[in-house]
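S.K.: what follows is a protein structure lacking sequence information:
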């Protein structure tokens, strides 16, 4: 047996990869005792277990061969048709040929990065934005430029173009953003479309939470505002089960052609078995009734979380009030670090994600992402108390260096 | 609505991608009538449908939450433990920490390419070799150098090193190779290990067919000969179901650390549901009994195919006699093109894969890969007759330009 010198043979890509800090935060905690405000986990109560049991039984009785064989890279035609029907029922006029199934929407982001990004290419995203997207952008050599206020989108784009660094695309999560929980107004959506058209930019609309609205009025997707220019990413992870790792891309067929070839060498196709289950789940009309139950559950958890925040949080702390999705975003007074708060809460087995990782420019040390979908109700109140106490302790013991 | 100019924003990666010609060959054929010697499809008779039905029912009753939630990027610990047990029972001393689960072994190849290959990096592979691997190598900018005779491995490596192009790794499919069906002898395996040690090279041992041996004696894996230097890729696609898209990588933990971070941004984790099913399938001891049935079935199909070849093929044609796996490889007299044969057989609804795509140097125009696992027995004889007639027709009508 002889050792290899790994560092000497790794690619530049491998040396640029950034692991998710969230994994390290959660490693080594006692799972039974843990109160998790950390991950973007759906609540297991929302999994339609009995329906899935019945569907699998039917599939393996009626069509075992096709459910267990290799499938097309584009995805199961039945599933693509069901999804297209669903979009059409919401007024977005597409067919199955405008949809490709991916192995999670993380893969959808990765494939988009793969086909668009050269080393040093810029792209515009929000400040903060989804860490998994930043991971892919960085991995492919992209240089994300964050925009804190959507009103500054145009001036940022102009500046980049003047510098010869025209962005390859705008990445946006318009509904109940991860991590901020914030939803773009109609005017903000119109502005994104206007800027994209004016400067000839593509838009990636990441839409994992859109169906989970608890208050306020539904706003149009960017896709519905410009079908040529917008690539929409969807997923079953928050509305059916993340265990299937199924997402999809809606885009014009020329872009999808490239996505399909990129996916071929990535994993040939997504789980054929899980796709067949999802197709039948949609086809049997089970999606919406479970979605209604899920929304009820999460609306209650959001109310409870916000109530507890009002009751326990120190006055100097602020937070977003999301109309949907899984997260709210908390801001400490400037100068205080959420990482210091985390050290204290972990002693009490409470986890959350410090907000810094969502900022592509290194800001956000005084912010934190709080998930309200996963924890049982009795743990939500307990968790907020622990969090509030830890924040008070950090504020009262940190020297004020502003 | 405004059109985007796609070509102007695609990455260099996207413009270098090569789609699989196999997909185009099969598109548009009448599926009912088709006789497929084309894909590497397992026979649906081998799918353990009743066992899977029972396992899903149990899983969704006993542990629905963990089977449907997000899972660790490394893969389901139970599944990794079962796989490690299996390797240990075969004399390869590893634990679950030496294994990472991937979304198919195609992804395993892609992740290895991702962490090792810079643009223009060379790697050594066989001539011919698996097209999906070439696709990934090319995609990541790698320059595969093919070795037709394993005895020339050392001289090829020396030449590349002298040219300042030391290969990043050796890619090999030692058992029942795709596409050739050929198995490396013990001496050839020892030679690969010797060369790798002498010139300090990593080896990727792609092992999708190893468990499917119909004759001859089992030979040691490269992994068992050097656990530090060899990265082994395995899959359930040929022994359980390709529908789950589950593969794995066995490697030393430092390499797996890099693989895991690369996988995080690729798709976070493989299907948690399918992993839970596979883990229980192994845990319940069902793998080996189904494997025995599968081997019996394929052994019969191989015999039938070889018999038909002997009976119908023109004398000037030669083919490999595989001891296992899914393929045999046919060679026409030099100068004749298998693509011309394909044109004729497609008229009769018979598909196979012209061998050229498996040669990284553009050779192999007179070769073809023939799959014998998928077609029903009555179609095997009919298909070989069609193939032989088409070959005779091409040989008799092509001007001999040798």
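M.R.: Received, thanks. Treat the numbers as computed from the prediction; the structure is a model and nothing was measured.

S.K.: for the stretch 101-250 of chain A, which residues are neighbours of chain B?
M.R.: A:103-104, A:106-107, A:110, A:114-118, A:121, A:132, A:135-136, A:139-140, A:168-169, A:197, A:200, A:202, A:226-229, A:237, A:241-245 (Cβ under 8 Å from any Cβ of the partner chain). In this view, the C-beta of every residue, glycine as well, is placed from N, C-alpha and C.

S.K.: wait, what's in contact with residue A:364?
M.R.: Shown in contact with residue A:364 (Cβ atoms under 8 Å, 6 or more residues apart in numbering or on different chains): A:127, A:128, A:355, A:356, A:358.

S.K.: 6 Å instead, please
M.R.: Taking Cβ atoms under 6 Å, 6 or more residues apart in numbering or on different chains, we find residue A:364 in contact with A:128, A:355, A:356.

S.K.: flag the shaky bits of the stretch 301-402 of chain A, pLDDT-wise.
M.R.: Applying pLDDT under 70 to the stretch 301-402 of chain A flags residues A:400-402.

S.K.: let me fix that: chain A
M.R.: Using pLDDT under 70, chain A drops low at A:1-2, A:22-30, A:400-402.

S.K.: secondary structure added to the contacts of residue A:364, as a markdown table?
M.R.: Output for the contacts of residue A:364, formatted as a markdown table (DSSP: H, G, I helix; E, B strand; the rest coil):
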| residue | secondary structure |
| --- | --- |
| A:128 | coil |
| A:355 | helix |
| A:356 | helix |
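
S.K.: could you dump the residues you listed into CSV and include distance to residue B:52?
M.R.: Output for these, formatted as CSV (distance: Cβ to Cβ, whole Å):
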residue, distance to residue B:52
A:128, 43
A:355, 43
A:356, 44
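
S.K.: is stretch A:355-362 up against chain B anywhere?
M.R.: No - using Cβ under 6 Å from any Cβ of the partner chain, stretch A:355-362 stays clear of chain B, with a minimum separation of 12.8 Å.

S.K.: give me the contacts around that stretch.
M.R.: Stretch A:355-362 is contacted from outside by A:21, A:127-128, A:131, A:134, A:144, A:146, A:179, A:364-365, A:367-369, using Cβ under 6 Å, 6+ apart.

S.K.: quick revisit: are any of the residues of the stretch 101-250 of chain A next to chain B buried, and which?
M.R.: By neighbour count, with 16 or more other Cβ atoms under 10 Å in any protein chain shown, these hold A:103-104, A:106-107, A:110, A:114-117, A:121, A:132, A:135-136, A:139-140, A:168-169, A:197, A:202, A:226-227, A:229, A:237, A:241-245 as buried.

S.K.: just checking, which of these belong to helices?
M.R.: Among these, the members found in helices (DSSP state H) are A:104, A:106, A:107, A:110, A:114, A:115, A:116, A:132, A:135, A:136, A:139, A:197.

S.K.: kindly reformat the residues you listed as CSV containing distance to residue A:392.
M.R.: Output for those, formatted as CSV (distance: Cβ to Cβ, whole Å):
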residue, distance to residue A:392
A:104, 39
A:106, 36
A:107, 42
A:110, 41
A:114, 46
A:115, 48
A:116, 46
A:132, 32
A:135, 33
A:136, 37
A:139, 39
A:197, 49
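
S.K.: which element is the spatially closest residue to residue A:226 that is not a sequence neighbour on?
M.R.: Distances taken as Cβ to Cβ, 6 or more residues apart in numbering or on different chains put residue A:193 closest to residue A:226, at 5.3 Å, once the chain neighbours are dropped. Per DSSP states H and E, residue A:193 falls inside helix A:186-198.

S.K.: starting at the chain centroid, how far to that helix?
M.R.: With Cα atoms, centre = their mean, to the nearest Å as the basis, helix A:186-198 stands 22 Å off its chain's centre.

S.K.: how about residue A:180, nearest residue that isn't a chain neighbour?
M.R.: Counting by Cβ to Cβ, 6+ apart, the residue nearest residue A:180 is residue A:329, at 4.4 Å.

S.K.: surely the one you found touches residue A:178?
M.R.: No - the criterion here is Cβ atoms under 6 Å, and residue A:329 misses it with residue A:178 at 9.5 Å.

S.K.: now stretch A:357-370: buried residues?
M.R.: Of all the residues in stretch A:357-370, those buried under the rule 16+ other Cβ under 10 Å are A:357, A:358, A:359, A:360, A:364, A:365, A:366, A:367, A:368, A:369, A:370.

S.K.: how about the contacts of stretch A:355-362 in a markdown table, adding secondary structure?
M.R.: Shown next, in a markdown table, are the contacts of stretch A:355-362 (three-state DSSP):
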| residue | secondary structure |
| --- | --- |
| A:21 | helix |
| A:127 | coil |
| A:128 | coil |
| A:131 | helix |
| A:134 | helix |
| A:144 | strand |
| A:146 | strand |
| A:179 | coil |
| A:364 | coil |
| A:365 | coil |
| A:367 | strand |
| A:368 | strand |
| A:369 | strand |
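
S.K.: which single residue of the stretch 301-402 of chain A ends up nearest chain B?
M.R.: residue A:374 (9.3 Å; Cβ to the nearest Cβ).

S.K.: any idea how far residue A:109 is from residue A:136?
M.R.: 5 Å (Cβ to Cβ, to the nearest Å).

S.K.: likewise for residue A:225?
M.R.: 21 Å.

S.K.: would you map the helices across the stretch 151-300 of chain A?
M.R.: For the stretch 151-300 of chain A, helices defined by DSSP state H, counting those that start in this stretch occupy the ranges A:153-162, A:186-198, A:222-225, A:253-267, A:272-283, A:287-312.
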